[in-house]
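> Take this sequence and fold it.
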Amino acid sequence: MTFPFSRTLTCAALTAGLSFSSAIAMADTVLTMSSWAPATSTLSSEFLNGFAEDVARVTDDRVTVRILPAALGAPAQHYELARKGIADITWGNLTYEPERFKVMWFCELPMSGESGEAASVALWRTYDTFLKDLPVFEGTHMLAVSLFGGADVHAAHKALVAPEDFRNQKIRMGNPLQKTLLENMGAVPVAAPATKAFELIDSGVIDASLHPIESVLGFGLQDALPYTTEVEGGFYDAMFFLTINQRKWDGISEEDRAAISEISGEALSAKWGAFWDRENATAREKLVAMGHTFAKPEPALNEMILKVRTDFLDQWYADGPDFGLPNAKEVVTYFESNYTELAGAAQ
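Next up is the predicted model:
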């Protein structure tokens, strides 16, 4: 049975869809976006779709973004998809290609900050000041960068709050930076995508998994991982990019590039970081209501995490000249000072 209001909504949706299709048909430039986020996710419905709508709005529909119905490759391939022009716009995580983008390692370390918005703006400013002209970024024009504002370790059997709690614990992780972090803490890293976390826990392969708070609910892990350890500044972080093929960007009129630039860069990075802040806060409130356990690390664990961070950065500084960043320490100082200023102003 179809209720009257359902018919109204269906007609409205069809009208909106036809209007959007008409706008694309009349656009001077149509930009294709490959996204590996499910269409039903809030990242798609709120952030990516919102960006597409804003591009059409500020260019009076001369430029439109068409999000493809299916991703053109795996998440780790998405920067290259944009660089080669296979898709015009893509998003992803640069440290999915860790050796290629070693210049970005500094922002994913523990204790980097709890405000996604402040961290994302600080990262954009750092990228724009020190990194954008490096050869590794040739072929694309960066539209935004983003950080979660800290993510956590979530466990199946008990809260991990002391150094000894990590010893021999099998913990799912997503990239080599997290692998190094866990190994230095005595844990056993298990490489697997976040989408496999439930299966790995259910089969007893892992004891814990690394995720931002929002992903615990997003991946349905609230019953499988009922214990969360919240490290001040985050147990780790993850940086994201939204980029466009350089040739495609250069082919857009100067007027429309200027209009899109007004809504991208620092402004879009701030918007993306604020999106993660809302998602994480909402998820945390829901988990608290469900009786989820949130624990704080004991001082000895905080000291160990801080030492891992410090040792990692010292090695990264030393390797800086090898990956084109002889001023690596200056980069981190700039990022941290901007984050501190922005986070303090938001309080």
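> Only C-alpha atoms from now on, for both contacts and neighbour counts.
OK.
> how much space between the residue positioned nearest the centre of the chain and Val332?
Compute the mean C-alpha point of the chain, and by CA atoms, centre = their mean the closest residue is Phe240, 3.9 Å away. Phe240 sits 18 Å away from Val332, going by CA to CA, to the nearest Å.
> just Asp322 next, same as before
In terms of CA to CA, Asp322 sits 17 Å off from Val332.
> out of these two, which sits in the busier spot?
Val332 (17 against 11; other CA atoms under 10 Å).
> quick one: secondary structure of that one?
helix (DSSP: H, G, I helix; E, B strand; the rest coil).
> ok, so what distance separates it from Pro163?
Per CA to CA, Val332 is found 27 Å from Pro163.
> same deal with Ala270?
Counting by CA to CA, the gap from Ala270 to Pro163 is 35 Å.
> More neighbours: which of these two?
Neighbour comparison, Ala270 and Pro163: the larger count goes to Ala270, with 24 against 19 (by other CA under 10 Å).
> just the strands in this protein please.
Along the chain, counting by DSSP state E, strands occupy 29-34, 63-67, 89-92, 140-147, 152-155, 170-173, 188-191, 208-211, 227-229, 239-245, 293-295.
> Ok, which of those strands comes nearest Leu200?
strand 170-173 (8.4 Å; CA to CA).
> Leu160 touches Phe166, doesn't it?
Yes. Contact between Leu160 and Phe166 holds when scored by CA atoms under 8 Å: they sit 6.5 Å apart.
> Of those two, give the one with the bigger neighbour count.
Between Leu160 and Phe166, counted using other CA under 10 Å, the more crowded position is Leu160 (25 against 22).
> how much space between that one and Arg257?
From Leu160 to Arg257 the distance is 49 Å (CA to CA).
> now do Ala283
36 Å.
> now Gly149
29 Å.
> The two - which one has more neighbours?
Gly149 (28 against 16).
> can you give me how far stretch 85-99 is from the chain middle?
Relative to the mean C-alpha coordinate of its chain, stretch 85-99 is positioned 12 Å out (CA atoms, centre = their mean, to the nearest Å).
> Show the average pLDDT along that stretch.
Averaged across stretch 85-99, the pLDDT comes to 94.
> Now it: buried residues?
85-96, 98 (16 or more other CA atoms under 10 Å).
> ranges for the helices of the protein?
Residue ranges of the helices in the chain, as given by DSSP state H, are 4-26, 42, 49-58, 78-84, 116-126, 163-166, 176-184, 197-202, 213-218, 246-250, 254-263, 266-289, 299-319, 328-346.
> Dump the buried residues of stretch 85-99 to a markdown table, plus distance to Tyr236.
Shown next, in a markdown table, are the buried residues of stretch 85-99 (distance: CA to CA, whole Å):
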| residue | distance to Tyr236 |
| --- | --- |
| Gly85 | 32 |
| Ile86 | 32 |
| Ala87 | 30 |
| Asp88 | 30 |
| Ile89 | 27 |
| Thr90 | 24 |
| Trp91 | 20 |
| Gly92 | 17 |
| Asn93 | 14 |
| Leu94 | 15 |
| Thr95 | 13 |
| Tyr96 | 15 |
| Pro98 | 15 |
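> Which pair of the residues you listed spans the longest distance?
Across the buried residues of stretch 85-99 (CA to CA), the longest gap, 22.7 Å, separates Asp88 and Pro98.
> count of neighbours near Val288?
Val288 has 11 neighbours, counted by other CA under 10 Å.
> Flag the shaky bits of this protein, pLDDT-wise.
For the chain, the stretches with pLDDT under 70 are 1-27, 346-347.
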